[in-house]
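Engineer: I'll drop the sequence and a predicted model, then ask my questions.
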Amino acid sequence: MPVLVAGSIATDHLMHFPGKFSEQLLAEHLHKVSLSFLVDDLVVRRGGVAPNICYGMAQLGGRPVLVGAVGADFDEYRGWLTRHGVNCDYVYVSEQHHTARFVCTTDDEMCQIGSFYAGAMGEASKISVADAWRATDADLAVISAYDPDAMVQHSAECRQHGLRFAADPSQQIARMSGTQLMGLIEGADLLFTNDYEKSLLESKTGYSEADIRAMVNVQVTTLGSQGVEITGRDLERVHVPVAKEREKADPTGVGDAFRAGLLTAREWGLSWERSAQVGSLLATMVLETVGTQEYVVKPADFADRLADSYGEDAAAEVLPYLPD
């Protein structure tokens with residue numbers, strides 16, 4: 001069944017300055033700083049929470065439907081996603097703004113100067129999740145981080161129409177008020193956070209862990225190097241360790257890949273434990289790659305790695321669902 005994935009859509013423009021920012025900044029003149037850095041490298045990366053999740057789901061043979069707001073400059077990115085199995089028919093195109101963009105320069109000491117342009121993301125409240133659901137006969141709507149008002153609106157729309165949804169506020173927890181957060185998560189089939197975000201969510205809403213758990217069916221909490229914990233109303237606690245890694249390259253997008261793997265495996269009908277194992281391996285593959293959408297799932301290798309991390313039974317159960 002198709003899965004709607006709403007969230008930020010952005011590109012990252014990453015540059016390198018062969019020197020130290022600190023040597024160019026004069027403390028006594030910071031009030032009138034005016035500098036231009038000649039960089040020696042520029043890399044443009046496709047990003048955004050929603051496309052990252054969609055890409056991962058498509059790699060596993062899922063049917064993700066991207067929902068979000070972009071500018072007229074989205075054509076190349078749209079082509080990339082479409083070629084890799086992502087339905088982009090329900091992306092809203094702004095007539096006024098460009099697609100969200102992060103521009104960042106990093107020096108030799110890994111210090112960074114960056115700017116984030118939200119652009120078309122500010123028009124996300126014009127999107128109807130219910131319309132996309134009806135048109136695609138979706139099974140789940142994932143509401144990930146982007147414009148806070150749109151996130152709350154999408155959640156309310158799902159409750160109004162009886163649509164099953166997952167709340168994934170992640171980095172927007174810091175931006176959203178307690179009232180907004182409660183409006184987002186109430187009635188969610190799934191709630192995704194990491195362990196720090198879980199504590200911050202409880203602090204900002206004033207609700208206890210038990211209170212929040214009572215508002216959702218299943219709560220998925222990622223624990224970094226300690227794996228993931230899954231709890232629910234009629235579910236015994238599940239803990240899954242991280243999959244074995246071959247190397248570490250870049251952690252950006254690891255959480256998005258985990259969500260993609262877990263959600264796709266649940267669509268296959270697998271258990272929470274097995275689904276979390278699929279998500280954890282997909283996350284590890286992103287950790288080993290520079291760029292959030294630069295990995296490729298090869299069924300035989302994926303199954304071998306599942307076996308290495310979680311046993312032969314895991315590989316045998318998952319392999320039939322992987323695309324050729």
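Structural biologist: Thanks, I have it.
Engineer: for stretch 228-236, what is the distance to the chain centroid?
Structural biologist: Averaging C-alpha positions (CA atoms, centre = their mean, to the nearest Å) puts stretch 228-236 21 Å from its chain's average.
Engineer: now do the same end-to-end measure for that stretch.
Structural biologist: Distance across stretch 228-236, first residue to last, is 14 Å (CA to CA, to the nearest Å).
Engineer: contacts for it, please.
Structural biologist: With contact meaning CB atoms under 8 Å, 6 or more residues apart in numbering, stretch 228-236 is reached by 213-214, 217-223, 237-240, 258, 272, 276, 279-280. To be clear about C-beta, it is placed using only N, CA and C from the backbone, and glycine gets the same treatment.
Engineer: what are the ranges of the helices in the stretch 51-200 of the chain?
Structural biologist: Secondary structure of the stretch 51-200 of the chain, counting by DSSP state H, counting those that start in this stretch: helices at 75-83, 129-136, 148-161, 178-185, 195-205.
Engineer: buried set for the last one?
Structural biologist: For helix 195-205, the buried set under the neighbour-count rule, 16 or more other CB atoms under 10 Å, comprises 197-198, 200-202, 204-205.
Engineer: only whichever of the contacts of stretch 228-236 are buried, select them in PyMOL.
Structural biologist: Selecting only the buried entries of the contacts of stretch 228-236 in PyMOL, with 16+ other CB under 10 Å as the criterion:
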select buried, resi 213+217+218+219+220+221+222+223+238+240+258+272+276+279+280
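Engineer: which members of the contacts of stretch 228-236 occur in strands, if any?
Structural biologist: Here DSSP state E is the test, and the contacts of stretch 228-236 give 218-222, 237-240 as lying in strands.
Engineer: quick one: which of those residues is nearest Ser34?
Structural biologist: Distance to Ser34 across the ones in strands among the contacts of stretch 228-236 (CB to CB) is lowest for Thr222, with 42.1 Å.
Engineer: assign the residue lying closest to Glu245 once chain neighbours are set aside to helix, strand or coil.
Structural biologist: Distances taken as CB to CB, 6 or more residues apart in numbering put Thr284 closest to Glu245, at 5.0 Å, once the chain neighbours are dropped. Here Thr284 is helix, with the state taken from DSSP: H, G, I helix; E, B strand; the rest coil.
Engineer: counting neighbours, what do you get for Thr284?
Structural biologist: For Thr284, the count of nearby residues is 23 (other CB atoms under 10 Å).
Engineer: can you pull the pLDDT of it?
Structural biologist: With respect to pLDDT, Thr284 scores 96.
Engineer: other SSEs contacting the lowest-mean-pLDDT helix or strand in the chain?
Structural biologist: Within the chain, confidence by mean pLDDT, DSSP states H and E is lowest for strand 112-117 among all helices and strands, at a mean of 85. Under the contact definition 3 or more CB pairs under 8 Å, 6 or more residues apart in numbering; DSSP states H and E, strand 112-117 sits against strand 100-106.
Engineer: redo that, cut-off 10 Å
Structural biologist: Strand 112-117 sits against strand 10-16, strand 100-106, with contacts defined as 3 or more CB pairs under 10 Å, 6 or more residues apart in numbering; DSSP states H and E.
Engineer: gap between the closest residue to Thr106 other than its chain neighbours and Asp301?
Structural biologist: Distance criterion CB to CB, 6+ apart; nearest residue to Thr106, sequence neighbours excluded, is Gln112 at 5.0 Å. Distance, Gln112 to Asp301, using CB to CB, to the nearest Å: 34 Å.
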